[in-house]
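Chemist: Have a look at this prediction, sequence included:
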Amino acid sequence: MAKQRVLSGIQPTGDLHLGNYLGAIRNWVEIQENYDSFLFMADLHAITVPHDPAQLANNTYKVAATYLASGISLDYATIFVQSHISAHSELAWLFNCITPLNWLERMIQFKEKAIKQGEDVSVGLLDYPVLQAADILLYEPDLVPVGEDQKQHLELTRDIAQRFNHKFSSEENPVLKVPTPLIRKEGARVMSLTDGTKKMSKSDPSELSRINLLDSPETITQKIKKCKTDPTRGLEFDNPDRPECNNLLTLYMLLSGQSKEAVAQECADMGWGQFKPLLTETTIAALTPIQEKYHAIMDDKGYLESVLKQGKEKAAEVANATLLKAKQALGYSIPL
Ligand code: TYM
């Protein structure tokens, strides 16, 4: 039997942080052996907010190198660049014409980013989730592993697929496969180090709010030293009055690979002065091997380019087949 398929992607904007790693990449690595994975760099999404053309290609290489350095294996995964596959833009246009405007206007991420952009809000920012639906549906994945913040976009993807199928195909023979999100409980929402009620985010103006995957041991030590805590002694999970405590314990649990029970027990009587060095050491130990592999891969652009070229070929084959089916369903039937 053919393996089930997984698809996911990350925008090549700014440095990837622990939220991207624990909410997405690490989960892809954990399940990869059992799936046929399609993983991409969402470089068309990266220009929905003002961007620097001089950085775009390098940021895209950096994300690809991070996938590989984190343990994504080419034995199981196809890694590709979104803009290499024109089917993404083409299907997004077709979906634009069947997506009600008010479905997009209520997207939380749009509202949040639009507020930050002020006057300079592009149509692309509003349309972003339609492109994301195209990214996903082109590959007919069974599962889409993402962090919690993508939940609404995945619901919209399902809605678009169902609307398309309902309008343009029969129930017995739907054109588009409706995918299922995979959002793990632990790590799906890594919080800011400076405010445990806010998501860790690339766009937070404070560098102290996040640990980037490429941060040096000194930087990690500084950031954890300065991170927000509370005055209570004894550390615990799931106390709604102690969001920072829950977040930091969760980071320790995920990065040390221990169970929640083991961490809860180990830290039950600890103060912050004892816990912070432990978290620092664990974070550095988890990130150092990834950083070493990352630098070796980035130093070999030829290898990276060959990975992306191979990825493009495999991805294009799958994407173009789905695009053709969608176009035919819409009535584009004149032979080339
Ligand atoms: P992006 O680039 O913002 O984030 C990439 C992945 O990291 C997860 N993530 C987090 N998880 C836990 N805690 C956090 N603080 C945190 N911050 C980010 C995100 O949930 C995501 O899984 N729209 C997408 C990119 C995209 C995509 C797709 C994803 C475009 N097309 C198709 C899946 C399928 C985005 O901006 O992710």
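Modeler: Alright, I've got the coordinates.
Chemist: do the host helix or strand of Asp127 and the ligand meet at all?
Modeler: Asp127 belongs to helix 123-137 when elements are defined using DSSP states H and E. Yes: contact between helix 123-137 and the ligand is present through 132, 135-136 (criterion: C-beta under 6 Å from any ligand atom). For every residue, glycine as well, the C-beta is placed using N, CA and C.
Chemist: Tell me the first helix or strand C-terminal of that helix.
Modeler: strand 143-145.
Chemist: what's in contact with that following strand?
Modeler: Applying C-beta atoms under 8 Å, 6 or more residues apart in numbering, the set of residues contacting strand 143-145 from outside is 4-8, 24, 27-28, 31, 35, 136, 154, 157, 179-184.
Chemist: Among these, which lie within helices?
Modeler: Using DSSP state H to define helices, the subset of those located there is 27-28, 31, 136, 154, 157.
Chemist: Buried only: go through those residues for me.
Modeler: Restricting those to buried positions leaves 27-28, 136, 154, 157, with burial counted as 16 or more other C-beta atoms under 10 Å.
Chemist: What is the nearest of these to the ligand?
Modeler: Comparing those against the ligand with C-beta to the nearest ligand atom picks out Ile136 as the nearest, at 5.0 Å.
Chemist: wait, what's in contact with the closest one?
Modeler: If a contact means C-beta under 8 Å, 6+ apart, then Ile136 has 7, 144, 154, 157, 179 as its contacts.
Chemist: That one and Val190, how far apart?
Modeler: Using C-beta to C-beta, to the nearest Å, Ile136 is found at 23 Å from Val190.
Chemist: now Val318
Modeler: Going from Val318 to Val190 by C-beta to C-beta gives 31 Å.
Chemist: Those two: who's more crowded?
Modeler: The residue with more neighbours, out of Val318 and Val190 and counting by other C-beta atoms under 10 Å, is Val190; that gives 25 against 20.
Chemist: The ligand versus that one, what's the distance?
Modeler: 4 Å (C-beta to the nearest ligand atom, to the nearest Å).
Chemist: related to what we said a few turns ago, among the ones in helices among the contacts of strand 143-145, which two are most distant?
Modeler: For those, with distances taken as C-beta to C-beta, the pair at the greatest spread is Ile31 and Thr157 (19.6 Å).
Chemist: out of the ones in helices among the contacts of strand 143-145, who's nearest Thr221?
Modeler: Checking those against Thr221 with C-beta to C-beta, the nearest one is Asn27 at 27.0 Å.
Chemist: Burial check on the closest residue to that closest one other than its chain neighbours, number of neighbours?
Modeler: Distances taken as C-beta to C-beta, 6 or more residues apart in numbering put Pro145 closest to Asn27, at 4.8 Å, once the chain neighbours are dropped. Pro145 sits with 25 neighbouring residues when counted by other C-beta under 10 Å.
Chemist: got the residues of the stretch 101-250 of the chain near the ligand?
Modeler: Residues of the stretch 101-250 of the chain lying near the ligand (C-beta under 6 Å from any ligand atom): 132, 135-136, 144, 146-147, 149-150, 153, 188-190, 199-200.
Chemist: For those, pick the one with the most neighbours.
Modeler: For those, counting by other C-beta under 10 Å, the largest number of neighbours falls to Asp135: 28 neighbours.
Chemist: what ranges do the helices span in the stretch 151-300 of the chain?
Modeler: In order along the chain, the stretch 151-300 of the chain carries the following helices (DSSP state H, counting those that start in this stretch): 151-168, 217-226, 243-256, 260-267, 272-298.
Chemist: tell me, which helix in the chain spans the most residues?
Modeler: With residue count as the measure and DSSP H as the assignment, the chain has helix 301-330 as its longest helix.
Chemist: show me what contacts the nearest residue in space to Tyr252 that is not next to it in sequence?
Modeler: With C-beta to C-beta, 6+ apart as the measure, Leu279 is the residue that lies nearest to Tyr252, at 5.1 Å, once sequence neighbours are left out. With contacts defined as C-beta under 8 Å, 6+ apart, the neighbours of Leu279 are 224, 248, 251-252, 255.
Chemist: Among the residues you listed, name the buried ones.
Modeler: The neighbour-count test (16+ other C-beta under 10 Å) applied to the contacts of Leu279 identifies 224, 248, 251-252, 255 as buried.
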